[in-house]
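# Mind looking at a prediction? Sequence and model below.
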2 protein chains.
Amino acid sequence: MSQPHHAVIIGGGFGGLNAAKALAALPVQVTLIDRRNFHLFQPLLYQVASGGLSPGDIAAPLRTVLNQYPNVQVLLGEVTAIDAVARTVTVCGNPAPYDTLVVAAGAENFYFGNADWAEHAPALKTVEDATEIRSRILTAFEAAEREPDRDKRLAWLRFVVVGGGPTGVELSGAIAEISRDTMRADFRRIRPEESQIILLDGSDRILPSFEPDLSEKAARYLIRLGVLPRTGVRVTSIDAEGVALTSPKGTERIGSRTVLWAAGVRSSALGGILARQTGVELDRGGRVPIGADLSIAGHPEIFVIGDLARFEQDGQPLAGVAPVAMQQGTHLGRVLRDRFAGRTPPPFRYVDRGIMAVIGRHAAVADIGGVRFGGHLAWLAWLFLHLFMLVGYQNRVLVAIRWAFQYFTYSRGARLITPGRV
Amino acid sequence: MSQPHHAVIIGGGFGGLNAAKALAALPVQVTLIDRRNFHLFQPLLYQVASGGLSPGDIAAPLRTVLNQYPNVQVLLGEVTAIDAVARTVTVCGNPAPYDTLVVAAGAENFYFGNADWAEHAPALKTVEDATEIRSRILTAFEAAEREPDRDKRLAWLRFVVVGGGPTGVELSGAIAEISRDTMRADFRRIRPEESQIILLDGSDRILPSFEPDLSEKAARYLIRLGVLPRTGVRVTSIDAEGVALTSPKGTERIGSRTVLWAAGVRSSALGGILARQTGVELDRGGRVPIGADLSIAGHPEIFVIGDLARFEQDGQPLAGVAPVAMQQGTHLGRVLRDRFAGRTPPPFRYVDRGIMAVIGRHAAVADIGGVRFGGHLAWLAWLFLHLFMLVGYQNRVLVAIRWAFQYFTYSRGARLITPGRV
């Protein structure tokens, strides 16, 4: 009796989870390894950061998501080493052998070499990031309410979001809504609706991955909500009192006690380990180049998918977004099935079903199959799509109810200030 | 024009919140001070600790709860000093004057002088306590799944809850349900339903504040769920590997990697400050004795209510439970109104509407006006009463839905392992 084929998947994000489900249908023993015990629906993390949802609403325990597949096991732990010759990964000091390895370790926050900015400008990647940002936003209003000095009060009521991609747009829109609607009646001395929200981006428009007309629409929606988008600016330093920046107009400083980072991520450190083990060369973003079957050159048994992978299609690398990771994960099932059958698997091809970003209530921009639209319709499409994609039926129902409350009462149910990371 | 009467309330728990609402109806300027920005519904905290609810589900922002009262303001901060002569309290270094002071600062965890036990046996008082306990419980099952050594694995699968009051009973029952139902299908190597849950209490029965027949019923329900209650035992030490205890049978050690503390609380440190300022003598539990109008002897302008107060009724001090604090808070409105009108307020009298404790699904014990009952009916009464008492309409709806999911699917929606307190 031969040992069953053993596939190890590192990472339980969109890519890893879809890979586990795809491989579960094959005669393969699957081990999914993650540092966290839950899958996190990152597209809604900004709503945790703005007090609309609880972390539990957008997280699903990996074990439960996968417990219907008897040939899948979940292991909680951090992978510290990969041995591509012995074909083992090291988790919590113990080696685990693999026949097929899928690395779906994703990306982490990156401050372009300014690691000291992290303390003053938290980014939005983990549940802890989100509750930290939530605490900072809510604490700023509390501090403003207590502050007798006018200039200091204004610095507490000024919020700067660095990075005008979808996360920055959604986060700044959410802060505007909190201050204009949710907390309007909650204070006695300050008027939260007078707070300033500034969205900075280095390129010449926000949402640079969208078509220019949608960027312009999004900017209009943001301004209507009370967010000031400022493009073509470069942040040169961030400290506890605000940000310094350069723009075509010269240098300048914005005094703000709450600076949030939505400007950059970098591939997981596992990319470096893979490079040393396989001799493959990472790209500038630290991503691992993969071939048509999603494997590393010279190592058909090692696959890399999602944000950590660099897959070129039509001469362009695919963006680090959830749908790419999901489709790659699913494609792996096809690859292994064909290989087991002695067939050559078809090359992976990403089917772009569109991109969207939401800007507060009633507004969003969407580009679906080249059809570009904004406003109410895009907003409704965003709502239903995100509810549908959310993992776990209970989460879907709860998020739908929270959204209904938010919509009709302007309230946000999870406005807790909890101690930050130490 | 004279200054309005200014009432300062310290603490936004059950007592302080009810006091603020009662005083809001009078010609009084009210300032409610709390270290946290939310009111926490502590009776359901054990459900956060066991992954059934999210912290946001049982917390309500104090500002929002009170924003309908224009004469109430909320201040986020810690009171570090009280000056009973100058009639000021110090918050964040700034003095705030008062005409009436209401101290409703509650209680904190207490390890009977063994502060080093806290690290090994977290207690359940704050949101952070609850997420820490949740992480420890879930991590124990993960560690057991990874552990090859049988004895070590059993220590990970053995849970000890110290303290057989309502919190200990509810928490141990919840752990039993998680292991028997929720996570039954989630593991491949261990069988979570084989985990042991041991509930320790020093007195001769669990739920010593209930009548003996209800204690016995509760013990039967616990055993049916898979919890082993052990009474008449005294814990002599707690470390990372388990607990040592003495019982009539001698000394003994229980190996367990998850020990939880539900055995003792102590009054807030503000009691000591009040004692030094007013010359009043605290009782053994650190509580401040108060008179018939809930004020401190010699200081009719300083009231103490809730867990921090010692109020004797029929020769017995009232217990530190939510209904006492709530009724005292409400009574304060009557006291001030009568005083303003030149009348003597009626003495406070606690109306005991009953006590209950829940033990897993379908079982609870209740003593309502001397009518003692258990089982399904008590469980239903517990459910509706707690939903009804929960602050915030949104919270009520969300908790009802989460409970419905738990009931029908045995799942628990908020099973996140998040880093512990540092």
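That came through, no problem.
# Where does the residue in the stretch 301-422 of chain A positioned nearest to chain B sit: helix, strand or coil?
Closest residue of the stretch 301-422 of chain A to chain B, Cβ to the nearest Cβ: A:Ala414 (3.1 Å). Every residue, glycine included, has its C-beta placed from N, CA and C. Using DSSP: H, G, I helix; E, B strand; the rest coil, the structure places A:Ala414 in coil.
# Contact partners for it?
For A:Ala414, the contact set (Cβ atoms under 8 Å, 6 or more residues apart in numbering or on different chains) comprises A:48, A:51-54, A:134, B:54-56, B:59.
# Of those, which is the most crowded?
The most crowded member of the contacts of A:Ala414, judged by other Cβ atoms under 10 Å in any protein chain shown, is B:Gly56 (31 neighbours).
# pLDDT at that one, what is it?
The model reports B:Gly56 with a pLDDT of 91.
# Next: A:Phe408.
82.
# Next: A:Gln394.
In this model, A:Gln394 carries a pLDDT of 80.
# so when I look at it, I'm seeing a helix, right?
Yes. Per three-state DSSP, A:Gln394 lies within a helix segment.
# In this structure it contacts B:Ala404, no?
No. Counting by Cβ atoms under 8 Å, A:Gln394 stays clear of B:Ala404, with 9.6 Å between them.
# Comparing those two, which residue is more hemmed in?
Between A:Gln394 and B:Ala404, counted using other Cβ under 10 Å, A:Gln394 has the larger neighbour count: 21 against 12.
# Might you enumerate the residues of the stretch 1-150 of chain A proximal to chain B?
A:36-38, A:54-57, A:59, A:61, A:63-64, A:67, A:73-77, A:92, A:94, A:127-128, A:138-139, A:142, A:145-146 (Cβ under 8 Å from any Cβ of the partner chain).
# which ones among these are found in strands?
Judged by DSSP state E, strands contain the following of the residues of the stretch 1-150 of chain A next to chain B: A:38, A:59, A:61, A:73-76, A:94.
# Any of those residues buried? List them.
A:38, A:59, A:61, A:73-76 (16 or more other Cβ atoms under 10 Å in any protein chain shown).
# I'd say A:Leu260 and A:Val160 touch.
Yes. A:Leu260 lies in contact with A:Val160 (Cβ under 8 Å); the separation is 7.2 Å.
# Mutual contacts of the two, please.
Contacts common to A:Leu260 and A:Val160, judged by Cβ under 8 Å, 6+ apart, are absent.
# of the two, who's got more company?
Neighbour count, other Cβ under 10 Å: between A:Leu260 and A:Val160, A:Leu260 has more, with 29 against 26.
# Tell me the helix or strand right after the strand or helix carrying that one.
In the assignment (DSSP states H and E), A:Leu260 maps to strand A:258-261. Next along the chain after strand A:258-261, taking DSSP H and E as the criterion, comes strand A:265-267.
# Mind giving me the packing neighbours of the next helix or strand after that following strand?
Following strand A:265-267 in sequence order, the next helix or strand is helix A:270-278 (DSSP H and E). With contacts taken as 3 or more Cβ pairs under 8 Å, 6 or more residues apart in numbering or on different chains; DSSP states H and E, helix A:270-278 sits against strand A:79-83, strand A:288-289, strand A:299-304.
# Turn those strands into CSV, including distance to B:Ala22, mean neighbour count and mean pLDDT.
Below are the helices and strands packed on helix A:270-278 laid out as CSV (distance: least, Cβ to Cβ, whole Å; neighbours: other Cβ atoms under 10 Å in any protein chain shown; pLDDT from 0 to 100):
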stretch, distance to B:Ala22, mean neighbour count, mean pLDDT
strand A:79-83, 58, 17, 96
strand A:288-289, 64, 22, 97
strand A:299-304, 63, 22, 98
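# of all those strands, which lies closest to A:Ala25?
strand A:299-304 (16.5 Å; Cβ to Cβ).
# by how many degrees do the closest one and helix A:270-278 diverge?
Here strand A:299-304 points in a direction 170 degrees away from that of helix A:270-278 (axes from the mean of the first three to the mean of the last three Cα atoms, to 10 degrees).
# mind listing what whichever helix or strand comes after strand A:299-304 pairs with, with the direction of each?
Next in sequence after strand A:299-304, counting helices and strands by DSSP H and E, comes strand A:309-310. Strand pairing for strand A:309-310, determined by DSSP bridges: strand A:288-289 (parallel).
# quick one: the strand it pairs with to chain centroid distance?
Averaging C-alpha positions (Cα atoms, centre = their mean, to the nearest Å) puts strand A:288-289 20 Å from its chain's average.
# And the contacts of the next helix or strand after it?
Next in sequence after strand A:288-289, counting helices and strands by DSSP H and E, comes strand A:295-296. The contact list for strand A:295-296 (Cβ under 8 Å, 6+ apart) reads A:274, A:278, A:280, A:288-290, A:301-304, A:335.
# let's go with 10 Å and repeat that
The contact list for strand A:295-296 (Cβ atoms under 10 Å, 6 or more residues apart in numbering or on different chains) reads A:84, A:100-103, A:274-275, A:277-280, A:288-290, A:301-304, A:309, A:332, A:335.
# What of stretch A:267-276?
In contact with stretch A:267-276 (Cβ under 10 Å, 6+ apart) are residues A:10-11, A:78-84, A:89, A:101, A:103-108, A:110, A:280-283, A:285-289, A:296, A:299, A:302, A:304, A:306-310, A:320.
# hmm, which of the residues you listed are the buried ones?
A:10-11, A:79, A:82, A:84, A:89, A:101, A:103-107, A:110, A:280, A:282, A:285-289, A:296, A:299, A:302, A:304, A:306-310, A:320.
# who's in contact with the residue of the stretch 101-250 of chain A found nearest chain B?
Closest contact between the stretch 101-250 of chain A and chain B, by Cβ to the nearest Cβ, is at A:Asp186 (3.8 Å). Each residue near A:Asp186 by Cβ under 10 Å, 6+ apart is listed here: A:141, A:145, A:192, A:415, B:37, B:61-67, B:74.
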